[in-house]
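Asks: fold the following.
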Amino acid sequence: MSGQTLTDRIAAAQYSLTGSEVSRAVCKATTHEQTAPKKKHLEYLIQATQESNVNVPQMADTLMERAGNASWVVVFKALITTHHLMVHGNERFLQFLASRNTLFNLSNFLDKTGSHGYDMSTFIRRYSRYLNEKAFAYRQMAFDFGRVKKGAEGVMRTMSVEKLLKGMPTLQSQIDALLDFDVHPQELNNGVINACFLLLFKDLIKLYACYNDGIINLLEKFFQMKRSQCKDGLEIYKRFLTRMTRVSEFFKIAEQVGIDKNDIPELTQAPESLLESLETHLNTLEGKKP
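Replies: Numbering: from 1, shown residues only. Next up is the predicted model:
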């Protein structure tokens, strides 16, 4: 038996009458059923972003409309569907979201229908902030940290000092917004929030790889940088060290809820002597005595 409510069916039927199959698929992906959006609807929408005749702004508007619903289930699923399309859809979908002045305005969202609604509303507010930050980072950088090449020849590893010092704080802000989701294993108690957590976990792996590449690049260039750049670079490195504790905590939760340990990256702790040598170098440039 379908978990769709009468409201879900009416919403889907309205879009059928207007001939918008894409909007109808959005409605079907964001029903009141307390399960993750169905794979077939997500795949249809991902494919739709690849079609040149599909109206991406209209697709985004329908998702925003669904995110304006009173039910936490519908809103959460609208955010999850948007996140899926940001990651797996054609880049023009993400480009369009990044071009908007406002994306999700859910900082005051609250579903008062029962304690579950209250609990899930907290995560909706945090999740929407992360998606806003993801779109903002794209606008700032003109690329998606999740999609770019990683490793020795990767974007963050080969970036110039000037771009790196601008890009790393943007990346840090996106990682912070993700870590601020701040969920505990016992709160991952339904198919909707579990689908969201899995997307965040996959994003964090990619963001962490970029972050690591950026730090390696920064350390390789540190001793050739100007004094003001060293000062900024040292702050970025200090923030990196504190973020690593939080990233490690997030990955521990992922392991506790059954994500394969082989899919979780090993985090290696940087030696304290490295921070000391960076600080000593900056002090020397500033003429301070050790």
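
Asks: tell me the helix or strand right after the helix or strand of the chain with the lowest mean pLDDT.
Replies: The least trusted helix or strand in the chain, going by mean pLDDT, DSSP states H and E, turns out to be helix 6-17, with a mean of 60. Elements were assigned by DSSP states H and E; along the chain past helix 6-17, the next helix or strand is helix 21-29.

Asks: by contact count, what packs against that following helix?
Replies: helix 6-17, helix 39-50, helix 56-66, helix 72-88 (3 or more C-beta pairs under 8 Å, 6 or more residues apart in numbering; DSSP states H and E). Every C-beta, even on glycine, is put in place using the N, C-alpha and C of the backbone.

Asks: for the ones you listed, which one ends up most surrounded?
Replies: Sort those by mean neighbour count, taking mean count of other C-beta atoms under 10 Å, and helix 72-88 sits at the top with a mean of 24.

Asks: by how many degrees do that one and helix 39-50 diverge?
Replies: Calculated by axes from the mean of the first three to the mean of the last three C-alpha atoms, to 10 degrees, helix 72-88 forms an angle of 50 degrees with helix 39-50.

Asks: so for residue 31, which of the helices and strands packed on helix 21-29 sits nearest?
Replies: The minimum distance between residue 31 and these falls on helix 6-17, with 4.4 Å, by C-beta to C-beta.

Asks: show me how far stretch 168-186 is from its chain's centre.
Replies: Computed by C-alpha atoms, centre = their mean, to the nearest Å, the separation of stretch 168-186 from the middle of its chain amounts to 8 Å.

Asks: what lies in contact with that stretch?
Replies: 123, 126-127, 129-130, 132-134, 136-137, 140-141, 145, 156, 193, 197, 200, 203-204, 207-208, 210-211, 214, 218, 236, 239-240, 243, 246-247, 250, 253, 256-257 (C-beta atoms under 8 Å, 6 or more residues apart in numbering).

Asks: any chance of the helices and strands packed on helix 21-29 in CSV, plus distance to residue 27?
Replies: Formatted as CSV, the helices and strands packed on helix 21-29 follow (distance: least, C-beta to C-beta, whole Å):
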stretch, distance to residue 27
helix 6-17, 4
helix 39-50, 9
helix 56-66, 7
helix 72-88, 9
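
Asks: weakest of those helices by average pLDDT?
Replies: Note on these: helix 6-17 shows the lowest mean pLDDT, a mean of 60.

Asks: okay, now the unreliable bits of the stretch 101-250 of the chain?
Replies: Applying pLDDT under 70 to the stretch 101-250 of the chain flags no residue at all.

Asks: residue 221 versus residue 279, what's the distance?
Replies: As defined by C-beta to C-beta, to the nearest Å, residue 279 lies at a distance of 17 Å from residue 221.

Asks: equivalent analysis for residue 95, please.
Replies: Distance from residue 95 to residue 221, by C-beta to C-beta: 30 Å.
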